[in-house]
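Chemist: predicted model, plus sequence, below.
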Amino acid sequence: MQPSERWSLRTDDEVLVVEFPHGTGLSPADGEALLDRWRTVTADRPIDAVVIVVRTSRPCSDAGRRALRESAQIAVARGVNRFAIVGERSKRRYLKRTIDVEGIDTEAFNDDDAALRWAKSPTAAVPSVETSS
């Protein structure tokens, strides 16, 4: 996958992994580019789950919020029913609320590897931050 300056998007088996590095901010044009890439990737291969890794502490822009909400709706329409969210506590809560789309199971994680394991096998005993406390 070709990473943009603002985010990277790749697949790992049937899991879509989207990462927002430190300092990421999404303009409306960035949000549209991300959605276009999301549509392309999810259209030509089966995707069972999504892992969103947010490493930035910047507040989410309106464009970022809109892109996230729309991407969740696209994912559900294509059969995705699991989202794993990795990031700081406040970011995880915010993203879970933003992704609150009917039909999506969301779990929050501190660790990328644990999130990916859960996304690949939701019945596996992988502690999320909600179940490990």
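Modeler: Happy to help now that I have it.
Chemist: where in the protein is pLDDT low?
Modeler: Within the chain, the segments meeting pLDDT under 70 span 1-6, 22-26, 58, 60, 122-133.
Chemist: do a quick rundown of the helices in this structure.
Modeler: 28-43, 62-77, 89-98, 112-120 (DSSP state H).
Chemist: center of the chain - which residue?
Modeler: Closest to where the C-alpha atoms of the chain average out (CA atoms, centre = their mean) is I52, at 2.7 Å.
Chemist: surely it is in contact with R82?
Modeler: No. In this structure I52 lies outside contact range of R82 using CB atoms under 8 Å: 11.3 Å. Glycine gets a C-beta too; all of them are placed from N, C-alpha and C.
Chemist: ok, now how distant is the residue nearest to the centre of the chain from D36?
Modeler: Relative to D36, I52 is positioned 17 Å away (CB to CB, to the nearest Å).
Chemist: got it, and L95?
Modeler: Note on L95: its distance to D36, by CB to CB, is 21 Å.
Chemist: who has more neighbours, those two?
Modeler: Set side by side, L95 and D36 show more neighbours around L95, with 23 against 10, by other CB atoms under 10 Å.
Chemist: which strand residues bridge the closest residue to that one other than its chain neighbours?
Modeler: Excluding its sequence neighbours, the residue lying closest to L95 (CB to CB, 6 or more residues apart in numbering) is I85, at 4.8 Å. Using DSSP bridges, the bridge partners assigned to I85 are I52, A108.
Chemist: ok now do I85, which residues does it touch?
Modeler: The contact partners of I85, by CB atoms under 8 Å, 6 or more residues apart in numbering, come to 51-52, 54, 91-92, 95-96, 99, 106-109, 115.
Chemist: of the residues you listed, which is the most crowded?
Modeler: A115 (27 neighbours).
Chemist: any idea how far that one is from F109?
Modeler: Distance from A115 to F109, by CB to CB: 4 Å.
Chemist: ok, R55 next?
Modeler: Counting by CB to CB - R55 and F109 are separated by 13 Å.
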